[in-house]
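Enquirer: From the sequence below, what's the structure:
(chains A and B)
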Amino acid sequence: MKYYRSHILVSINETSIAAGVQGFIQALRSELAKTELSAEINVLETGPLGFFGRGICLTVYPENVNYEAVKVEDIPELVSEHFLKGRPLKRLMLDSIGKFSPNFNYANRIVLRNSGIIDPENIDDYIGAGGYEAWEKALTQMQPAEIVAEVKKSGLRGRGGAGFPAGVKWSFTAPLEAPQKYVVVNADEGEPGTFKDRLIMEGDPHQLLEGIMICARAIGATKAYIYIRGEYKLCISRLELAIKQAKEYGILGTNIFDSGFDLDIMIKIGAGAYVCGEETALIESLEGNRGNPRWKPPFPGVKGLWQAPTVVNNVETLANVPFIIAKGADEYMKYGTPECTGTKVYTILGDVAHPGLCEVDMGTTLRTIINDYAGGMKKGFRFKAALVGGAAGVILPDRMLDVKMDFSSLNQYAAVLGSGAILVMNEHQSIVDMLWSILRFFRHESCGKCAPCKNGTQQLYKLITKIKKGEGTMEDVDLMQTIAETMLHTSFCALGQSPIMAIRSAIENFRDEFIDITKK
Amino acid sequence: MAKIVNVFIDGHHLEVPDTMTIIEAADKHGIHIPRLCYHPDLPPTANCGVCVVEVSGNPTPKRACCTPVAEGMKIVTNSKKLRSYRKTLVEMILSNHDVVCPTCAANNKCELQTLSNNLGVDPDALPCILDKKEVDFTSPSIIRDVNKCIACGRCITVCNEVQTVYALTFSERGIDAHVDTAFANGMANSPCVNCGQCTVYCPTGALREKSEIDAVWEAILDPDKHVVVQEAPAIRVSLGEEFGMPLGSITAKKMYAALRKIGFDAIMDTNFTADLTIMEEGTECVTKLKAGEKRPLITSCSPGWIKFMETYYPDLADCVSTAKSPMSMFGVLAKTYYAQERGIDPAKIVSVAVMPCTAKKFEARRPEMRDSGFQDVDYVLTTREFLRMIKEAGIDFAKIQDEDADEGMSFYTGAGTIFGATGGVMEAAIRSAYTLVTGQELDNVDIQAVRGLEGVKEATVNVPGFGDLRVAVAHGLSNARKVMDRVREGLKTTGESPWHFIEIMACPGGCVGGGGQPYGNDIASRARRGLALYEEDRSLPVRKSHHNPEVVRIYERFLGSPNSELAHKLLHTHYFKRSVYTGQVTGEATHKHH
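Expert: Below is the predicted model of the structure:
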């Protein structure tokens, strides 16, 4: 293997592509050639680096220096300062004042452990990092029931929002006799502010494939679908490439590793409906129908895709599986809390110093996540509230900053972890505006199947608009609660059951704001 | 295999099979759970949420319509919370509904109105969120007023699953989600076959027939017009319901009296042409049988079926009898034979048909139904429209004295009257075809095998001199599809149809379950109405079409013989091919022969 003095990892993601990263890499390479550094400095195209800087972001190893918003014009100075003279260019460093350095504890990562390090478009990189060992172990050394038992034991809970134990879900489907079973990956990430699945897929597509393979073996499925949102162009191309590579290596396909086990993984591109993140609506859409939810029971585990037993799991959930199988449930359980094991990937956005993503243990407090991983609040702003879990989440005030972020702890406060989006608001932001945005979103995303959600989301939007304009009364505020409460108890699926979360938390925690605005 | 489980609804211990849903178990034991979108005839869409009940072990209520019962389940159907949710929910639905109850066609029959009343709903509790959309007036049969639609989805279920017509679907999303035809082209430009089952199952007034009441009143009140009326078989067993008479009351003579009181000039009966249809169709069938024809003969009375066949099975159009429906036969004869016999200028005759059917409005407007030189049938009233006219005329139907129809094209046999029930045409045809083939009379005229509500009925009748006559009867278009697929398959593989003679009716139950029948037209009422027709059949002096003296007379005086040249000109038709997307004619499927 060739030895390099330094590696420049360039994050290729949707943001950097928009900032012109392809041209940037060309320019960087030619500058290195011009300065005769090509043999010493390696430029590596990789996935998301694990922090979310603006524009084109670079990480340089082994120095572990992070740059953000680097432009083509900056290249000569960067190369000359950092790579010729060995002085990292302070001006472009992620935290130029040097007080904050993103807490990159790779040792504590599971899902993102390869992200930003390996080339996601190269299967050898993944294998070199220990990839597909779990798959080989699952296929050649473990019986399906043992896989299910191991995942059950690990305590892995679904990362899509509801937190249902994955092993238990698998155990419903695994014993069923059926001519065909399916694994369906829910990659239709649609919760506002959530993009963790995108980064997982962009950064390490093979890890997801390996999770799918293990799940398929565990439940006896020979076909898997990745239902992915259409905007995720880079994820789609990387997954397509990863599937192709895995097939070429005989990791995927027919008679894998001479085991007699066949598996095919297919990608289905969604058309952008939020409700299609609901597993039964996703299945309907996958079948080519209108994306309306189905009644449960029967659950998809018994009658899912084309009425066949189907396990539907979120991207992050499946991305945890290779680690569990490779290292064992006991090792996995060292992460997180006893009730909620493992790690969680969060996307942090809003008024923090460094919006981005992080992977931390389950049970880490909101305060730690904001201060240690997002650099605290943006300069000059105070924390007011955080919307946790996207539109279907809750608005948490500052007194909740020390609540542990995991399924069970949040549950005690009638809050949810949801998708893991954390939207931080400063003290100047209006809770009423935020609620308006959320309710406008629900109105737009209701599928219109059931009367409570169809009519309720419209009523709520009209009421909050009236309140926002200063034309509402406290009776209107109460009416919103009554409507949302009725929706919670009568809606067909989780979409209509969700607005109450934001409404209740907004009104309970920030009642004064509603009193003020209705007094006008 | 269903297992019997113990459930407790509001404390009542019930033992029910585990294949049942909560609402089915409750209904069976007389416990009424409020509901709106649920209908016992249809698979649940679970759209409205009104039927939520508290179920032990569940943090939020469950829909009773689609939650199966389970052992030990404890169910509460009426609690403070449930009452409050239901009330708010119905208020939400009403806030997006065009509340014009007093003038709505569904007034007093509307399930939303009844439910709102029962729950003590405040119609002004929530601000109105209705965004008025255009009403679809394109169809000659059905008006679709999306402003009254509550998106329960019953119409879509019945159109797609019971009828397999696929004219309706949900379009757009969220608050804009509404029932629509493909590309929002309107009912007239869709595969809609006008069967009207959607109007039957619509819980509100969002789907209703296109009314021709005003035009009919105008004709009646015009002294220059001679208004002749005919009534389909099924009408006479359906009118009484609306006036508190028991379901399945036979009210032919009250019907005649009401028509006369309303002011029609000549009161005739479609049952007469039903008998005539048997002569034409029966002769066609016997001719085919004698020629050793491998392709079957299929009945042609049901206009919903005809358009369905033209859309989905035009390759089998030559198997369908060329005989017009009884209504259209009557229409053409009213302006030819009747006009001639009575010495009336046919231009002055207005021909009105009272039908259990919305598709008849479409049939009457077919360009080929003008063999009299005029539009053969000018106006078609559904049973529901006729009921409204009875009320508009201030007639107390239950108390009106019996009267007879006018003489002539009103005499009918038992065979004619059972046309209104599924299997009736087949039974009537067998009664006469037997005679046409053998020259002998069939002794036992009650052919039980073709009666009843089984979706596809099959029978074999031994006809001396011919052998086994294999027949099939299908009602409801999903059943028609099953039969047609087998015919198509049989012709393709063995060159032979599984049956010689097939009866198909578009509506489940036949015409008694037609799309124009009174509200509350569920499968159980259809069965009861059908039985009433068989009762009337038994009570009539003549039970075979070929013994109808007026039929004998019309052949002697006017038509010559069945399938004569004149009969072909006036009483037979031909078929088209239609687009499955737009329902529009794309070419001829058969030619008219003279």
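Enquirer: mind checking how far the residue in the stretch 401-520 of chain A positioned nearest to chain B is from residue A:71?
Expert: Closest residue of the stretch 401-520 of chain A to chain B, CB to the nearest CB: residue A:448 (2.4 Å). Quick note: C-beta positions are derived from backbone N, CA and C, even for glycine. Here the distance between residue A:448 and residue A:71 works out to 46 Å (CB to CB, to the nearest Å).
Enquirer: Pick out whichever of those two has more residues nearby.
Expert: Counted by other CB atoms under 10 Å in any protein chain shown, residue A:448 and residue A:71 do not tie: residue A:448 has more neighbours, with 24 against 14.
Enquirer: Just give the number of residues close to residue A:130.
Expert: Other residues within reach of residue A:130, judged by other CB under 10 Å, total 14.
Enquirer: Wait, a helix at it?
Expert: No: under DSSP: H, G, I helix; E, B strand; the rest coil, residue A:130 sits outside any helix and is assigned coil.
Enquirer: how about the residue most central in space within chain B, what does it touch?
Expert: Compute the mean C-alpha point of chain B, and by CA atoms, centre = their mean the closest residue is residue B:514, 1.5 Å away. Residue B:514 makes contacts with B:195, B:196, B:234, B:355, B:356, B:357, B:358, B:383, B:507, as judged by CB atoms under 8 Å, 6 or more residues apart in numbering or on different chains.
Enquirer: what pairs with residue A:426 across the strands?
Expert: As for beta bridges, residue A:426 partners with residue A:383 under DSSP bridges.
Enquirer: Residue 333: what's it in contact with?
Expert: Picked chain A for this. When contacts are counted by CB under 8 Å, 6+ apart, residue A:333 touches A:153, A:154, A:155, A:341.
Enquirer: if you could check chain B rather than the one you did, that'd help
Expert: Counting by CB under 8 Å, 6+ apart, residue B:333 touches B:273, B:409, B:554, B:570.
Enquirer: ok, how many other residues are close to the closest residue to chain A within the stretch 101-250 of chain B?
Expert: Using CB to the nearest CB, the closest approach of the stretch 101-250 of chain B to chain A is made by residue B:177 at 2.4 Å. Residue B:177: 20 surrounding residues under other CB under 10 Å.
Enquirer: could you pull out the strands for the stretch 151-300 of chain A?
Expert: Taking DSSP state E, counting those that start in this stretch to define them, one finds strands in the stretch 151-300 of chain A at A:182-187, A:223-228, A:264-269.
Enquirer: closest one to residue A:276 among those strands?
Expert: Relative to residue A:276, the nearest member of the strands of the stretch 151-300 of chain A by CB to CB is strand A:223-228, separated by 7.4 Å.
Enquirer: Now do the buried residues in the closest one.
Expert: The neighbour-count check on strand A:223-228 (16 or more other CB atoms under 10 Å in any protein chain shown) flags A:223, A:224, A:225, A:226, A:227, A:228 as buried.
Enquirer: ok, the fifth one to residue A:167 distance?
Expert: Noted for residue A:227: a distance of 22 Å to residue A:167, by CB to CB.
Enquirer: likewise residue B:372?
Expert: Using CB to CB, residue B:372 is found at 77 Å from residue A:167.
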